[in-house]
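Asks: Coordinates only, no sequence provided:
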Ligand code: 1HN
């Protein structure tokens, strides 16, 4: 019996080797790898104090133009192999444009969003529409749109970029083209898409009735803030507290086919219940301070910090202030999971929906 097994395993090994030599394999071969559904990589946090000083240094080192197409500091998660993504599907970055500078126009298949952090008086030209940028504004750059940035103010402009670069890269679909001139010209007035689609509940009686890309390119902060406070008066999610998905006004769906955008308000003292889902996200702490407990590890955050939530990790949010609201902006890959029918979500059933805190991010990060 023992000899028979030895012969069998020798023969099996030889079978595997001969298969491999011809570019084949056996599905029953033992593989490492977790198929039990846990998070595939740990969370990561970028402190604003670090980002800010690197961004400042970048302004001393390069100017946008031939030397650096964009003055962008990428927030690369070291736990995500290869492509400098904040997660395996999304990049996050911080871009600065100083007074008088132009980040020259280009276009790429990857789609982008800008979430404005600081400054005023900057225009992003998106397919001929000059889009104004003020703190808290969300501006879309759909894939393959010509876009460039120009700062006409007297102060620096800083925003978060988030793109679907790792996803598009995995599909071998990253194409990019420079614009033949410095900036693509304005062919529409400032606020064109907002005038058409910005009311939220109406659209012009002419023009397209459906598109997977939002025809509204700018979502101003004043409207977002008002919406959060109105919703807070009447309802909230147990997992995300007062949270909105930015929507395509034609469809009510996501703003872009590959990137979902959320804004959420954690009311003073709120601790949400934990859940987990298939999607990953990159958060920017727009206001406030608190913690997100991810797979039992407490990750603290303050205003300006960014953090990446891996897919399938249990998570719950805490606003540490009992006086002030906390505001989190985030991008996610939910549109892709919904389109491919892969989305699943699960509430944390134990201890009234709260995880045991088994450690702090600080300890884990060493
Ligand atoms: C990009 O093209 C921009 O156009 C910003 O402003 C950030 C990060 C990674 C790859 C391309 C831009 C980017 C980027």
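Replies: Sure thing, it's come through. Not measured: the values here are computed from a predicted model. Residues are numbered from 1 along each chain as shown.
Asks: Which residue does this protein have closest to the ligand?
Replies: Nearest to the ligand in the chain, going by CB to the nearest ligand atom, is residue 161, at a distance of 3.8 Å. (C-beta placed from N, C-alpha, C; glycine too.)
Asks: which residues does the closest residue to residue 176 other than its chain neighbours contact?
Replies: Nearest non-adjacent residue to residue 176, counting by CB to CB, 6 or more residues apart in numbering: residue 108, 4.1 Å away. Residues near residue 108 by CB atoms under 8 Å, 6 or more residues apart in numbering: 143-144, 174-177.
Asks: What about the residues you listed, which one has the most neighbours?
Replies: With neighbours taken as other CB atoms under 10 Å, the top of the contacts of residue 108 is residue 143, carrying 20 neighbours.
Asks: ends of stretch 262-272, how far apart?
Replies: End-to-end span of stretch 262-272 (CA to CA, to the nearest Å): 16 Å.
Asks: scratch that, stretch 249-269 is what I was asking about
Replies: Stretch 249-269 has an end-to-end distance of 33 Å (CA to CA).
Asks: Give the buried residues for that stretch.
Replies: For stretch 249-269, burial by neighbour count (16 or more other CB atoms under 10 Å) applies to 249-250, 253-267.
Asks: Enumerate the residues of the protein near the ligand.
Replies: Counting by CB under 6 Å from any ligand atom, the chain comes close to the ligand at 70, 72, 91, 93, 95, 103, 108, 112, 147, 161, 163, 165.
Asks: Let me see the ranges of the helices in the stretch 1-150 of the chain.
Replies: Assigned by DSSP state H, counting those that start in this stretch, the helices in the stretch 1-150 of the chain fall at 2-21, 48-61.
Asks: Report the buried residues of the shortest one.
Replies: Residues 48, 51-52, 55, 58 are the ones in helix 48-61 that count as buried (16+ other CB under 10 Å).
Asks: Tell me the helices and strands packed up against it.
Replies: For helix 48-61, the elements it packs on are strand 72-74, strand 91-97, judged by 3 or more CB pairs under 8 Å, 6 or more residues apart in numbering; DSSP states H and E.
Asks: tell me the most buried of those?
Replies: Highest mean neighbour count among those (mean count of other CB atoms under 10 Å): strand 91-97, with a mean of 24.
Asks: neighbouring contacts of that one?
Replies: With contact meaning CB under 8 Å, 6+ apart, strand 91-97 is reached by 51, 55, 58-59, 64, 70-75, 83-86, 103, 114, 117, 122, 149-151, 156-166, 282, 284, 306, 308, 331.
Asks: right, and the secondary structure at the residue of the chain closest to the ligand would be what?
Replies: strand (DSSP: H, G, I helix; E, B strand; the rest coil).
Asks: Quick one: residues contacting it.
Replies: By CB under 8 Å, 6+ apart, residue 161 lies in contact with 72, 91-95, 112-114.
Asks: and if you look at residue 124?
Replies: 114, 130-131, 133, 139, 141, 147-149.
Asks: and it, what are its bridge partners?
Replies: Counting by DSSP bridges, residue 124 is bridged to residue 131, residue 149.
Asks: ok, now how distant is it from residue 226?
Replies: Per CB to CB, to the nearest Å, residue 124 is found 23 Å from residue 226.
Asks: And for residue 166?
Replies: As for residue 166, its distance to residue 226 is 34 Å (criterion: CB to CB).
Asks: In which helix or strand does the residue sitting nearest the centre point of the chain reside?
Replies: Closest to where the C-alpha atoms of the chain average out (CA atoms, centre = their mean) is residue 331, at 3.0 Å. Element membership of residue 331 [criterion: DSSP states H and E] is strand 326-332.
Asks: List the buried residues of that strand.
Replies: By neighbour count on 16+ other CB under 10 Å, the buried set for strand 326-332 is 326-332.
Asks: Can you give the contact residues for that strand?
Replies: Strand 326-332 is touched from outside by 90, 92, 113, 115, 138, 160, 162, 228, 259-266, 279-290, 309, 317, 319-320, with contacts defined as CB under 8 Å, 6+ apart.
Asks: C-terminal to that strand, what's the next element?
Replies: That would be, after strand 326-332 and using DSSP H and E, helix 334-339.
Asks: Just the mean pLDDT for the next helix or strand after that next one, thanks.
Replies: Note on helix 334-339: by DSSP H and E, the next helix or strand toward the C-terminus is strand 345-347. When pLDDT is averaged along strand 345-347, the result is 97.
Asks: State the paired neighbours of strand 345-347 in the sheet, together with their directions.
Replies: When DSSP bridges is applied, strand 345-347 pairs with strand 275-277 (antiparallel).
Asks: and the residue of the chain closest to the ligand, bridged to which residues?
Replies: Here residue 161 sits in beta bridges with residue 93, residue 114, as judged by DSSP bridges.
Asks: how close does it sit to residue 97?
Replies: For residue 161, the distance to residue 97 - CB to CB - is 12 Å.
Asks: tell me, which of the helices of the stretch 1-150 of the chain is the model least confident about?
Replies: Lowest mean pLDDT within those: helix 2-21, a mean of 85.
Asks: For it, what is the distance to the chain centroid?
Replies: Its chain's average C-alpha position is 47 Å from that of helix 2-21, according to CA atoms, centre = their mean, to the nearest Å.
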